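Visitor: I'll drop the sequence and a predicted model, then ask my questions.
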Amino acid sequence: MLLASLVALLLLHAGPARAAPAQDGDGETARTRTVLVMGDSLSAAYGLAADEGWVALTAERIAKRKPGWQVVNASISGETTDGGAARIVGALVRHRPDVVVIALGANDGLRGLPTARTAANLAYMIGAADGAGARVLLIGMQMPPNLGAAYTKAFAGNYPMLAERFDTALLPFLLEPIALDRNAYQADNLHPVAAAQPKLRDHVWTELAPLLDLPHPATPPL
């Protein structure tokens, strides 16, 4: 509750959102609604042109199918959940999102960071988004077994555990459609090629699209 109150207070003092106006179903001017993506290189189109990544492709689909919505990609290559937790409140105040997509954790796993620390950071981000009145889509990752079966299981288990605790939408594994296709990855065997990005867009869309049809939740009172 303390975090939710802090975020709500910051939003109050930041003043009204400055998104471009859109037209609602009755032809009245309505605030443009925003999807904020907080991710790492997998969401930042690493090694690709900016418009080739799954986030940009999702933005194109939203522009065609969901007038009045926009996508802000605040993903940073190399980002860990530490970085996401440090940036989330500022991003919420700046962009006033209606939906927050949290797609972080891969770099935590690659660095062997404690899974409890990753879970705490993700929980902080979800709590901050909740405090701002945004719905959350949590996108999970999985790690190869080189760090041990216990670590791999705990890492993957963070995402459904948090989704259940906070009652958020969950996509358990971002790379599931291409996980076993070596040709879907760049030479580093980590980052998907441009041809694989539409599959990731379609995969994310299964959980994101329903959130765009829900009524806008009110920011919790102080």
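Guide: All right, it came through fine.
Visitor: quick one: buried residues of stretch 74-85?
Guide: Buried residues in stretch 74-85, counted by 16 or more other CB atoms under 10 Å: Ala74, Ser75, Ile76, Glu79, Thr80, Thr81, Asp82, Gly83, Gly84, Ala85. Where C-beta positions appear, they are placed from N, C-alpha and C, glycine not excepted.
Visitor: quick check: phi and psi on the fourth one?
Guide: In this case it means Glu79. Dihedral pair for Glu79: phi -70, psi 140, per degrees, to the nearest 10.
Visitor: surely it is in contact with Leu104?
Guide: Yes - with contact defined as CB atoms under 8 Å, Glu79 counts as touching Leu104 (6.3 Å).
Visitor: tell me, what's touching these two both at once?
Guide: The contact sets of Glu79 and Leu104 overlap at Gly39, Asp40 (CB atoms under 8 Å, 6 or more residues apart in numbering).
Visitor: need the longest strand for the protein.
Guide: What stands out as the longest strand in the chain, according to DSSP state E, is strand 33-39.
Visitor: please name every helix or strand in contact with that one.
Guide: Packed against strand 33-39 by the contact rule (3 or more CB pairs under 8 Å, 6 or more residues apart in numbering; DSSP states H and E) you find helix 54-65, strand 69-73, helix 81-95, strand 99-103, helix 197-212.
Visitor: could you list the low-pLDDT ranges of this structure?
Guide: Applying pLDDT under 70 to the chain flags residues 1-30, 216-222.
Visitor: again, only this time at 90
Guide: Scanning the chain for pLDDT under 90 picks out the ranges 1-31, 144-147, 214-222.
Visitor: counting neighbours, what do you get for Arg65?
Guide: A count of nearby residues for Arg65, using other CB atoms under 10 Å, gives 11.
Visitor: ok so, going back, identify whichever of the helices and strands packed on strand 33-39 lies nearest to Thr118.
Guide: Ranking the helices and strands packed on strand 33-39 by proximity to Thr118 (CB to CB) places helix 81-95 first, at 5.1 Å.
Visitor: tell me what angle the closest one forms with strand 69-73.
Guide: Inter-element angle recorded for helix 81-95 and strand 69-73: 140 degrees (by axes from the mean of the first three to the mean of the last three CA atoms, to 10 degrees).
Visitor: residues in contact with Met161?
Guide: Residues near Met161 by CB under 8 Å, 6+ apart: Ala119.
Visitor: 6 Å instead, please
Guide: The contact partners of Met161, taken as CB atoms under 6 Å, 6 or more residues apart in numbering, number zero.
Visitor: and it, what element?
Guide: helix 149-166 (DSSP states H and E).
Visitor: so what pairs up with the residue nearest in space to the middle of the chain in the strands?
Guide: Nearest to the geometric centre of the chain sits Val101, at 2.1 Å (CA atoms, centre = their mean). Beta bridges link Val101 to Val37, Leu137, judged by DSSP bridges.
Visitor: so it makes contact with Val37?
Guide: Yes - Val101 is within contact range of Val37, at 4.5 Å (criterion: CB atoms under 6 Å).
Visitor: roughly how far apart are Tyr185 and Gly90?
Guide: 32 Å (CB to CB, to the nearest Å).
Visitor: next one: Ala123
Guide: Taken as CB to CB, the span from Ala123 to Gly90 is 18 Å.
Visitor: okay, the two: which has more neighbours?
Guide: Set side by side, Ala123 and Gly90 show more neighbours around Ala123, with 18 against 11, by other CB under 10 Å.
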